[in-house]
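J.: Sequence first, predicted coordinates after that:
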Amino acid sequence: MHINFQTYRTIKRSLAHVLHTRPDSHDEQHLNTLTLMICGSGSAQHVQFDKIASHAPIRHRKNERLITRFRRWVKHADLSPEAIWFPFARAVLAGFHLPETMHCALVRQLQDLRPAQATVTVLGAGAFDGTELQATIRATKWEYICRTASNILIYAQDRVFSVGDLPLQPGAAVFIADGRMTAKRYGPILLLGVWDAKQKEPIYRITSLADADDALERYRLRFRIACMFANHTSRGFRIDKSHLANPSRLARLLIATSLAYVWIHVAAAFAQAHGWVEQFHRTDRCDLGLFQIGLRAIQYALREGLRVPVSFRLPIGPPGAPQVANGFSVR
């Protein structure tokens, strides 16, 4: 799949509108390179610069010149993820297995980037149940839900017990409010135990929320984040094969792939809303995730001579009035 120049111009125009880029400025030169990287990584489904260059929608340019251009872009100190991502306010953040102190530092750093009216809920695996991190999240007025281990001590209702001692049977759920955890007796927390009848063992979670049902609903969003991580690595852009070791350069490369990720998901939503999916996938069932649907939708539009849907606003809310983006009605 090769992105055409018309789609390149539409992507650039959309980004320039959001980022308020002035024509004939240094910022526009950076935007040209960013747009090439979005098109190239989305087309190649890879982030190695030679592959991006081979799929970039530009003519009469040697690949080595494009590769040098991409390298300079990720090295540029003035191109910070904060400066580009803040206007979008659509960042979706996934955690990595880092020391608790680094998680706490990240939370404090993100607090400065969060729009004042935004509601934030941190979703995490068992690596996020440290009491210091919980206290840091609460200090920012955010909420959290994360898994916890079965051997964690809980103090509740004048009793001391391990999380795994909760009276659970397959198909059942139980919660304990106003509990405190570990020898530090950190709390209050809400402890949740859920044993899905299809699973071999229960899953335990802790949360700062007071409503157990609300906590479980929010936690389900975590698995969408896991899909995003997979689409950036083995099932998509292969960011782990970038050969970049410098964190700052990798962060700048993630600007391009993350914007490409949003665009591909918008294309998937457009394809579903306008009946494109049945043109390139079976109709009796769907075996594809949104990322793959989006890639096939872009390829279908290019093959049929249709205008490729472009937008950088994810349809994250409930279905409602269509949003017009670049001449398209995108749900």
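T.: Structure received. Numbers count the residues shown, from 1 in each chain.

J.: and I67, what is it in contact with?
T.: By C-beta atoms under 8 Å, 6 or more residues apart in numbering, the residues touching I67 are 49-50, 53. C-beta coordinates here come from the backbone N, C-alpha and C atoms, glycine included.

J.: Mark which of those are buried, thanks.
T.: Burial by neighbour count, judged by 16 or more other C-beta atoms under 10 Å, picks out 49, 53 from the contacts of I67.

J.: for the contacts of I67, which one is nearest R180?
T.: Nearest to R180 among these is F49, at 51.4 Å by C-beta to C-beta.

J.: What ranges in this protein fall below the confidence cut-off?
T.: 1, 81-98, 314-331 (pLDDT under 70).

J.: Domains in it, by residue range?
T.: By the record's domain assignment, the chain is partitioned as 5-79+242-330, 100-220 (automatic domain parsing).

J.: Between the two ends of the last one, what distance do you get?
T.: So the one you mean is domain 100-220. From its first residue to its last, domain 100-220 covers 23 Å (C-alpha to C-alpha, to the nearest Å).

J.: Equivalent analysis for stretch 157-165, please.
T.: 14 Å.

J.: picking up where we left off before, of all the domains of the chain, which lies closest to N231?
T.: domain 5-79+242-330 (4.5 Å).

J.: quick one on the thing from earlier: now the domains of the chain in CSV, with distance to A226?
T.: Shown next, in CSV, are those (distance: least, C-beta to C-beta, whole Å):
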stretch, distance to A226
domain 5-79+242-330, 11
domain 100-220, 9
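
J.: So which of those domains is nearest G236?
T.: Of all the domains of the chain, it is domain 5-79+242-330 that lies closest to G236, at 6.0 Å by C-beta to C-beta.

J.: Just give me how far that closest one sits from the chain centre.
T.: Computed by C-alpha atoms, centre = their mean, to the nearest Å, the separation of domain 5-79+242-330 from the middle of its chain amounts to 15 Å.

J.: how about the strands in the chain?
T.: Taking DSSP state E to define them, one finds strands in the chain at 121-124, 143-147, 153-156, 159-162, 173-181, 186-194, 203-207, 323-325, 328-330.

J.: Touching the second one from outside, list them.
T.: For strand 143-147, the surrounding residues in contact (C-beta under 8 Å, 6+ apart) are 119-126, 128-129, 134, 137-138, 203-209, 215, 218-219.

J.: can you do 7 Å?
T.: For strand 143-147, the external contacting residues (C-beta atoms under 7 Å, 6 or more residues apart in numbering) are 121-126, 128-129, 134, 137, 203-209, 215, 218-219.

J.: Pull out the buried members of those residues.
T.: With neighbours counted by 16+ other C-beta under 10 Å, the contacts of strand 143-147 contain buried members at 121-124, 128-129, 134, 137, 203-209, 215, 218-219.

J.: if we can go back for a sec, so of the contacts of I67, which ones are in helices?
T.: Members of the contacts of I67 lying in helices (criterion: DSSP state H): 49-50, 53.

J.: Take these and lay them out in a markdown table including distance to S234.
T.: As requested, those are exported to a markdown table (distance: C-beta to C-beta, whole Å):
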| residue | distance to S234 |
| --- | --- |
| F49 | 19 |
| D50 | 20 |
| A53 | 22 |
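
J.: Looking at the residues you listed, which is nearest G193?
T.: Nearest member of these to G193, counting by C-beta to C-beta, is F49, at 48.2 Å.

J.: Next one: that closest one from H17, what distance?
T.: Using C-beta to C-beta, to the nearest Å, F49 is found at 27 Å from H17.

J.: cool, and A226?
T.: Remark: distance between A226 and H17 (C-beta to C-beta) = 32 Å.

J.: got it, and L168?
T.: Going from L168 to H17 by C-beta to C-beta gives 52 Å.

J.: Which of these two has more residues huddled nearby?
T.: Shown here are L168 and H17; by other C-beta atoms under 10 Å, L168 has more neighbours (17 against 12).
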